[in-house]
Structure formats: C-alpha cells, structure tokens
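Enquirer: task: produce atomic coordinates for the following.
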Amino acid sequence: MEADYRPNVYASIFITLPLAALVLVLRLVARRSTRAGYGIDDWLAVVAFIGALAYSVDNLVFLFAFGLGRPLEDGPSHLTEEERLERSYLLIWLSSLAYTIGIGFAKFAILTFYWRLFKYSSSRIAIQVVFVLCVAWFIVRILLLTLSCMPTSAYWDLARRTTHCHVTSNIYFFSTGLTHAVLDIAILVLPLIEVIKMHLPLGQKLAVMALFGFGALVCVLTILVIHNSFEFNGSSKEIALKIGYHGSLAAAECNLANVSGISPRPKS
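Expert: As a prediction, this is how the structure comes out:
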C-alpha cells in the first residue's frame, strides 16, 4: 500500500488554523473594547497569523495542485517529472519563508506579552535577552533560506541546484532547528516563577495557564518537527511524499504557536 500523507495535512490545517483565527478575532475584539487599545504585541500577533495562514495556504496549494503527500508518479499529469520536482522545491521554499515568519513573530508576540505582564519584575532582563536571541534566530534563518543558493532561484532550478546550493538541509535544520527548540523551552519556562509569585485574579491566571498549556504542546510539536527534519532527504525525488508528514506537523506547530502568541492577555 502506497503512503498517503494527505489526511495528515488536511487534519492538521483544518483543525488548528480555524482555532488560531478564532483566538485572534476574539483577542482583537476584546482589545478594541478596552481603553488601552491595541498594543505592539497585538500587531506582532497579526503578522504571526499572516505567516501561519500563508504556510497553510502554501501546503493546500501543494496538496491540491502538485501532489503533496503522494509519490512523484501521482503528481500532475500535465507536468514532466522535472517540472513536478521544481514546483515542489519552489513551494517548499515558500513554505519555509512563511513558517519562519509565523513562528518568529509568534515568539515576538509572546515575549512582548510577558514584557507587559511583568512590568515591575527582575525577569524583564531575561525577557530582553531571550527576545534578542529570538531576533537573531529569525535573521539567521532568513539569511540561510535566501542565501543557501546563489541565486536564490537555484533552490528550485534543478539545472543549477547541485552546483549553486552550498547549505545542505542538515546544516539548515541543525543550525536553526535545535536553537528554535531551545528558545521555545526558554519562552515556556521564563515566566513560571513570576506567575507563581503573582496574586492575579482567577480569570487572568486561567489566561496565563492556557497560554502555558499551548506553549507546552508547541514545544512537543517543535521536537517532532525537528526529529522529522533530520530524517529529511532534500535530494530525494520523492520530495512531495516525504514532505507531507513534515508539513502536517509544522502546520500544527505554526498554528498552535500562534494560539499561544495571540491568546487574550490581561488588561494593562
């Protein structure tokens, strides 16, 4: 029986993306009803959701039009094998860009949420340090993505891919994937001591605990995505098949990271 990862992609996107959209709408409506108005963390959350939405749309286009999650031979009949591979690499590159934006800005939104929540806490220094590290991670990932092949279009041009691309998939995932997981864990653990010490109303405590709950789930998904990434063979002709399972995990991670980043926060 041939592998088929399309159900994984469907389930991942159509369960987690609507949840992220709903939480964002509720957050913006709640913020509009307060005198404080929108803050920078709200706008960061919007950008993060746009990145997550773009990632899901890219995967759906890949799935419906170019055979994501299926063997190469099951791809579009009007395209040659080489054209199918080139379309696959292009969509993978675009999805990596969208993923970086979605995950990166979700981190920024969560950290700015912490910054507002812990106004008079010594943990603000740690928040600043982690924020700077997240910005560095974001920049490095964007640079590796855009400069791994020179020109960038060589990434999806089979005629130039072997001679113009000098950063392998393993290097890319090792340099950005492991640091991504470490930063996620740091973001999850960072405010725990302060929350324990604070005397918040029940509603605010529940909001913060919900954020931590989704954060823990995102950490688990991040580890699964990284583990799958190291098994990924970027030179395989069955790229559309092999990226299917990875895409389903990454879509869930990206969307749930946005739920963490855009969860309603206490009034400031």
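
Enquirer: where does the stretch 1-150 of the chain have low pLDDT?
Expert: Scanning the stretch 1-150 of the chain for pLDDT under 70 picks out 1-2, 35-36.

Enquirer: just the helices in it please.
Expert: Applying DSSP state H, counting those that start in this stretch to the stretch 1-150 of the chain gives helices spanning 6-32, 40-66, 81-117, 124-147.

Enquirer: would you mark the buried spots in the shortest one?
Expert: Just to be clear, that refers to helix 124-147. 126-127, 130-131, 134, 137-138, 141-142, 144-145 (16 or more other C-beta atoms under 10 Å). For every residue, glycine as well, the C-beta is placed using N, CA and C.

Enquirer: CSV for those, including distance to residue 181?
Expert: Shown next, in CSV, are these (distance: C-beta to C-beta, whole Å):
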residue, distance to residue 181
126, 18
127, 19
130, 14
131, 17
134, 13
137, 11
138, 15
141, 13
142, 18
144, 17
145, 18
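
Enquirer: wait, which of those residues is closest to residue 70?
Expert: For the buried residues of helix 124-147, the residue nearest residue 70 by C-beta to C-beta is residue 145; the value is 25.4 Å.

Enquirer: residue contacts, the closest one?
Expert: Contact analysis of residue 145 by C-beta atoms under 8 Å, 6 or more residues apart in numbering lists 93, 96-97, 100, 172.

Enquirer: farthest pair in these?
Expert: Among the contacts of residue 145, 97 and 172 lie farthest apart (C-beta to C-beta), at 12.8 Å.

Enquirer: let me see the contact set for residue 144.
Expert: 167, 172, 175-176.

Enquirer: of the residues you listed, grab the buried ones for PyMOL.
Expert: To isolate the buried members of the contacts of residue 144 in PyMOL, using 16+ other C-beta under 10 Å:
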select buried, resi 172+176
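
Enquirer: gap between the closest residue to residue 97 other than its chain neighbours and residue 84?
Expert: Spatial nearest neighbour of residue 97, excluding adjacent residues (C-beta to C-beta, 6 or more residues apart in numbering): residue 145 at 6.2 Å. To residue 84, residue 145 is 22 Å away according to C-beta to C-beta, to the nearest Å.

Enquirer: among the helices of the stretch 1-150 of the chain, which is nearest residue 226?
Expert: Closest to residue 226 of these is helix 81-117 (C-beta to C-beta; 12.2 Å).

Enquirer: helices or strands next to that closest one in the packing?
Expert: helix 40-66, helix 124-147, helix 158-164, helix 169-189, helix 202-230, helix 239-262 (3 or more C-beta pairs under 8 Å, 6 or more residues apart in numbering; DSSP states H and E).

Enquirer: just those: most buried one?
Expert: For the helices and strands packed on helix 81-117, the largest average neighbour count (mean count of other C-beta atoms under 10 Å) is found in helix 239-262, namely a mean of 26.

Enquirer: just how off-centre is it within its chain?
Expert: Its chain's average C-alpha position is 7 Å from that of helix 239-262, according to C-alpha atoms, centre = their mean, to the nearest Å.

Enquirer: now do stretch 184-195
Expert: 19 Å.

Enquirer: would you work out how far apart the start and end of it are?
Expert: This stretch, stretch 184-195, spans 18 Å end to end (C-alpha to C-alpha, to the nearest Å).

Enquirer: repeat that for stretch 26-41.
Expert: Rule used - C-alpha to C-alpha; the end-to-end distance of stretch 26-41 is 15 Å.

Enquirer: thanks again, I'm all set now.
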